[in-house]
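>>> Predicted model and sequence below, questions to follow.
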Amino acid sequence: MVEGSMTQGAGQGPEVERTATLRDFRVPAYVHETGPYAQSTHPGDVAPPCEEAYPEGYTPTQRDLPVINRGDTVQVTVDPAPVTAPPATGPGPLYVVGDVHGYLDELLAALQEQGLVDAAGQWCAGTARLWFLGDFTDRGPDGIGVIDLVMRLSAEAAAAGGYCKALLGNHELLLLGAKRFNDTPVNSGAGTATFQAAWLLNGGQKTDMDRLQDHHLQWMARLDAVEAVDGHLLLHSDTTAYLDYGRSIEEVNDTVRETIARNDADEVWDLFRKFTKRFSFRDEGGADAVRSLLDTYGGTRVVHGHSPIPYLLGEVGSEDGEDNGGPVVTGPHVYADGLAIAMDGGVTMAGKLLVQQLPLNG
């Protein structure tokens, strides 16, 4: 008996004698064979001497398998496997969004229509690139909800390999000023004014101010004022006032951020006042005004918000949403000799909140 080879379990009867297992580590004979194998042997057996196993004249380089003539086979046509295109490695499609002004539900519907978010409002566009042209708050019911959505989509898009970014609009400057400076008098160029009064006059919503938090203020204060993407010069306002803040995109954005950071009421008011100007591209000389921006900052077309398309067309819709026979906005407005694209569809005046892929077809 080999002790310790197995533990006897209860109810297995008397202990029986076991023999040790002999392990044979000799190499089986068939490993050394170089031709057709002899009859299989078991490990531990000694293979009998192998008799002549090869035909006379056999050489190790001679083909052992029979040659099949072409006429002995059935020809079967096999379709090649479909070639799957490799996944795109470049940037995804580019989209821009016009002024939102607190209309959160309309924004979600427009984004979902373009396939950028799903029914739950989550980013589902992969590597797509999305730019908001500014003016998230005021006039509409949920400006802070809009900002929260844009901030969340920025994180979700980045995680999916795309991006969601935003530009600074004049209403962001107005909300920042109303929160920071409140009723502090500023030199408006036409007497004294206050950010608080201007904010209320331009559709400021108490519910937005009540929900405005530090992280919203910090986010707005860091927004770029202008950007160039795929030959499109993106900015909020249809004005040449950007030229007052730098001769390059980087210089403009740095100057604007530094102005906000200095926290001087008069400086921020002057910035707000200049970014509130409009119609620089609409009338005679408008195309030249656009060219001055393109020549300085690059690009082949300006894409802007700020001035509602009904205003640019010279027909103003109703502020209370009633249909007064004004123009029906169905998409962006191209003007100034084709150099400018207006994206504010006039959602605050019964127009349309525009989300558009660029470049425009045609």
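Looks like it came in fine.
>>> Pull out the buried positions in whichever helix or strand H216 is part of.
Element membership of H216 [criterion: DSSP states H and E] is helix 214-221. Neighbour-count burial for helix 214-221, counted by 16 or more other Cβ atoms under 10 Å, picks out H216, L217, W219, M220, A221. (Each C-beta comes from the backbone N, C-alpha and C, glycine too.)
>>> what's the answer for stretch 216-236, then?
Quick answer for stretch 216-236 (16+ other Cβ under 10 Å): 216-217, 219-221, 223-227, 229, 232-236.
>>> before we move on, what about stretch 152-161?
Going by neighbour count (16+ other Cβ under 10 Å), the buried part of stretch 152-161 is L153, S154, E156, A157, A160.
>>> The last one against A125, yeah?
In this case it means A160. Yes: between A160 and A125 a contact is recorded at 7.4 Å, counting by Cβ atoms under 8 Å.
>>> Output the contacting helices and strands for the longest helix seen in the chain.
Secondary structure of the chain per DSSP state H: the longest helix is helix 143-159. With contacts taken as 3 or more Cβ pairs under 8 Å, 6 or more residues apart in numbering; DSSP states H and E, helix 143-159 sits against helix 104-113, strand 129-132, strand 163-166, helix 206-211, helix 214-221.
>>> and with 10 Å instead?
With contacts taken as 3 or more Cβ pairs under 10 Å, 6 or more residues apart in numbering; DSSP states H and E, helix 143-159 sits against helix 104-113, strand 129-132, strand 163-166, helix 170-181, helix 206-211, helix 214-221.
>>> and of the ones you listed, who's closest to D142?
Among the helices and strands packed on helix 143-159, the nearest to D142 by Cβ to Cβ is helix 104-113 (4.4 Å).
>>> Which positions within the closest one qualify as buried?
L104, E106, L107, L108, A110, L111, Q112.
>>> Export it to CSV, keeping only CA atoms.
C-alpha atoms of helix 104-113 as CSV (Å, rounded to 0.1, in the frame of the first residue of the first chain):
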residue,chain,number,x,y,z
LEU,A,104,-34.7,73.9,-24.1
ASP,A,105,-37.5,71.7,-25.5
GLU,A,106,-37.1,73.1,-29.0
LEU,A,107,-33.3,72.6,-28.8
LEU,A,108,-33.6,69.0,-27.8
ALA,A,109,-36.1,68.3,-30.6
ALA,A,110,-33.8,70.0,-33.2
LEU,A,111,-30.7,68.1,-32.0
GLN,A,112,-32.6,64.8,-32.1
GLU,A,113,-33.9,65.5,-35.6
